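# Here's my sequence, what's the structure:
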Amino acid sequence: MSERVVIALGGNAILQPHQEATYENQLENVRSSSEIIADIVQKGYEVVITHGNGPQVGLILQQNEEAKEVVPPFPLDVCNAKSQGLIGYMLDQCLKNELRKRGLTQQVVSVLTQTQVSQEDEAFRHPTKPIGTFYSEEEAKQMIQKKGWNMREDAGRGWRRVVPSPQPQSILESETIMKLVESGAIVIASGGGGIPVVQQEDGTIKGVEAVIDKDRSGRKLAQEANADIFMMVTDVKNVFIHYGTPEQQALGQISTGEAKRYVREGHFSTGSMGPKMEAAVSFAEQGKHAIICSLEEAALALNGTAGTHIS
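From the prediction side, this is the model:
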């Protein structure tokens, strides 16, 4: 029986740092990423793909602001849906082309995915996730008055809107995703952490203005899709302790206990590797296997010869 792997693509799989965010550049990056994913498919794995959307949804929000006098801006959950569509389209098309080139017949399908969160989540009372355009302090004050946004100064670069980042409770389309994977399809789902929704008292769902951490949501997707392996691909080959110091050390095979100890010791920042390690430990504690590795070494990592493995 084939092992099922959820591959969580980092932002560099779609847009490289300091690269102009043109469609052509992003398509070329996705094309290269699809070659690596096709290698994994060719090895016989059942594959589910999820991805980040930070730069893309940021650009959509910027377009909202630039065109607000002409076109009414859309809420954040709708912008998330738009980014899922555009990235899903690129991944779907590029992967289909790569598989056909290799004579492989698997279907590829992109599922618009909603992630349920709780209205009682503490994150709604304390928004922390910066998104979108940078503003001057004066412009930020205007946004607070006009739109009721929460604004915060961001590392000396200007002021940005901050929104809630609640914990994912469930992936609403997980049952459909399971059926598609069991039919032999490669599924692209839960992009950007999923479109955040809450369930109302009458049982209906509605979108909320929030951003769900993509690694936490990827872990939830891996759990609900009954994956054997949850692999987060990023721009480094391994997880490191004592990063950037003379004692820097790459981690290979580690237990969940060791991973938790390194987290407690403060080796991983909340803005980069921290959420990945949290998600990896949570998944591995269920008797499963989590991997953090570079995109280029993803196939090698599945062989156990590259990356950081938590089990």
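# does M143 really touch R160, like I thought?
No - between M143 and R160 there is no contact under Cβ atoms under 8 Å: 9.9 Å. Quick note: C-beta positions are derived from backbone N, CA and C, even for glycine.
# Tell me the pLDDT of S272.
Looking at S272, its pLDDT is 77.
# For my notes, confirm P130 occurs in a helix.
No - counting by DSSP: H, G, I helix; E, B strand; the rest coil, P130 is not found in a helix; it is strand.
# Could you count how many residues lie near the closest residue in space to it that isn't next to it in sequence?
Leaving aside its sequence neighbours, P130 sits nearest to R160 (Cβ to Cβ, 6 or more residues apart in numbering; 4.3 Å). Residues within reach of R160, counting by other Cβ atoms under 10 Å, total 23.
# Now do the phi/psi pair for R160.
Note on R160: backbone dihedrals following degrees, to the nearest 10 are phi -130, psi 160.
# Test my guess that it contacts D154.
Yes - here R160 lies in contact with D154, judged by Cβ under 8 Å, at a distance of 4.7 Å.
# List the buried residues for the worst-scoring helix or strand of the chain on mean pLDDT?
Lowest by mean pLDDT, DSSP states H and E among the helices and strands of the chain is strand 129-135, with a mean of 80. For strand 129-135, the neighbour count (16 or more other Cβ atoms under 10 Å) marks 129-133, 135 as buried.
# How about stretch 95-114?
Those would be 95-96, 98-99, 106, 108-111, 113-114, for stretch 95-114 by 16+ other Cβ under 10 Å.
# In helices, which of those residues fall?
Among the buried residues of stretch 95-114, the residues falling in helices (DSSP state H) are 95-96, 98-99.
# Which residues are in contact with G158?
134-136 (Cβ atoms under 8 Å, 6 or more residues apart in numbering).
# picking up where we left off before, ok, which pair from the buried residues of stretch 95-114 is furthest apart?
E98 and Q114 (28.3 Å; Cβ to Cβ).
# ok, the residue nearest to E35 when sequence neighbours are not counted to S32 distance?
Residue nearest to E35 in three dimensions, not counting chain neighbours: E98, with 5.7 Å by Cβ to Cβ, 6+ apart. From E98 across to S32, the span is 10 Å (Cβ to Cβ, to the nearest Å).
# One more: G54?
On the measure of Cβ to Cβ, G54 and S32 end up 19 Å apart.
# Could you do E66 as well?
Relative to S32, E66 is positioned 30 Å away (Cβ to Cβ).
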